[in-house]
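one predicted model, sequence on top.
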Amino acid sequence: MFETVQGRRIEYEYIGSGGRPVMVFLHEGLGSLAMWKDFPKRCAAAARCDALVYSRYGYGQSDPIDKPRTPDFMHVEALQMLPELLWKLGIAEPILFGHSDGASIALIHAAEFPVEAVIVLAPHLFVEEFALEEIRATGPKYETGDLRAKLARYHAHPDSAFWGWRDIWLHPDFRSWDISDYVARIQAPVLAIQGFEDEYGTMQQLDRIARLLPRAELLKLKDCRHSPHRDQPGAVIAAAVDFLHRNVTNSV
């Protein structure tokens, strides 16, 4: 299904029949609705919630970007695109479930809008050189390797998805990007999950959340890279269900 948001056609799927809390899944920087595979359905079912999964502008089957992204692109997603999509679909006070860039978007949104809870996987609060090194290495993989073919399975416009993501993360103006001031204002319960082998971020990200939000719950996973929901799906779902059971009325 599609909805028009800020003049852009956005691909989405709603899982459930209404009348229950809604988990809104926000994908990573190169992700899409399809790339979540069956995880949202499994996670929402275990938590006895409905789920909204969508591809942001520039990803999946949504409209491609028509101009370079700017350093505030995650703020635009969190404070303009997501609120309009939720309003058009009649979703109030969702449970946000974000991964990587989607996790950062979830945190920004939760600082400014009412949400039931926030679950974030491998969130970015600030830019680390560690991550930029990995992002730089993706260029040759896309141009001469098989990365483009892999992304083309999930994105109608893979060049838009890839270069839109890579170019802004490596832009000099993005080096000072930091959402700590937003995170410090979040009132909703927060669960943050990250793998020790995350190739795009260090545990400094979760440690920053702990300092800014002492009541936030953290889960640091061994044998887990940048995508905890792929590497440790059972542990992620179990942690999410337990967290929501204790913090959200009418869930689980």
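Everything's here; your move.

got phi/psi on His75?
Phi and psi for His75, reported as degrees, to the nearest 10, are phi -70, psi -40.

ok, how many other residues are close to the spatially closest residue to it that is not a sequence neighbour?
Nearest in space to His75, with sequence neighbours left out and distances taken as CB to CB, 6 or more residues apart in numbering, is Ile108 at 5.8 Å. Heads up, the C-betas are built off the backbone N, CA and C, glycines and all. By other CB atoms under 10 Å, 23 other residues sit near Ile108.

now do Arg166
Using other CB under 10 Å, Arg166 has 17 other residues around it.

again with the one 4 residues further on
If you count neighbours by other CB under 10 Å, Leu170 ends up with 14.

sec struct for the closest residue to it other than its chain neighbours, please.
For Leu170, ignoring the flanking residues on the chain, the nearest one in space by CB to CB, 6+ apart is Ile135 at 6.1 Å. What DSSP: H, G, I helix; E, B strand; the rest coil gives for Ile135 is helix.

let me see the contact set for Ile135.
Ile135 sits next to Arg166, Trp169, Leu170, Tyr200 when contact means CB atoms under 8 Å, 6 or more residues apart in numbering.

just the element for the residue nearest to His75, please.
According to DSSP states H and E, Ile108 maps onto helix 101-112.

that helix - what's its average pLDDT?
Mean pLDDT, helix 101-112: 98.

break down the stretch 101-250 of the chain into its helices, ranges please.
For the stretch 101-250 of the chain, the helices defined by DSSP state H, counting those that start in this stretch occupy 101-112, 129-144, 147-152, 158-169, 180-183, 204-212, 228-231, 233-247.

now distance to Gln194 too, for those, in a markdown table please.
Output for the helices of the stretch 101-250 of the chain, formatted as a markdown table (distance: least, CB to CB, whole Å):
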| stretch | distance to Gln194 |
| --- | --- |
| helix 101-112 | 9 |
| helix 129-144 | 12 |
| helix 147-152 | 23 |
| helix 158-169 | 18 |
| helix 180-183 | 15 |
| helix 204-212 | 5 |
| helix 228-231 | 7 |
| helix 233-247 | 11 |
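
wait, which of the ones you listed is closest to Val118?
Distance to Val118, taken as CB to CB, is lowest for helix 101-112 among the helices of the stretch 101-250 of the chain, at 4.8 Å.

still on that earlier bit, do you know how far the residue nearest to Leu170 is from Ala239?
Here Ile135 is placed at a distance of 28 Å from Ala239 (CB to CB, to the nearest Å).

model confidence for Arg208, exactly?
Here the pLDDT value assigned to Arg208 is 98.

whoops, I mixed them up, Gly19
For Gly19, the model assigns a pLDDT of 82.

what about it, neighbour count?
Residue neighbour count, defined by other CB under 10 Å, stands at 7 for Gly19.

next: Arg230.
Arg230 has 16 neighbouring residues, counting by other CB under 10 Å.

how about it, what does it touch?
Phe39.

give me that answer again for 10 Å
Listed by CB atoms under 10 Å, 6 or more residues apart in numbering, the contact partners of Arg230 are Met35, Trp36, Lys37, Phe39, His99, Leu121, Cys224, Val236.

got the phi/psi numbers for the third one?
Its backbone dihedrals place Lys37 at phi 60, psi -130, with angles given as degrees, to the nearest 10.
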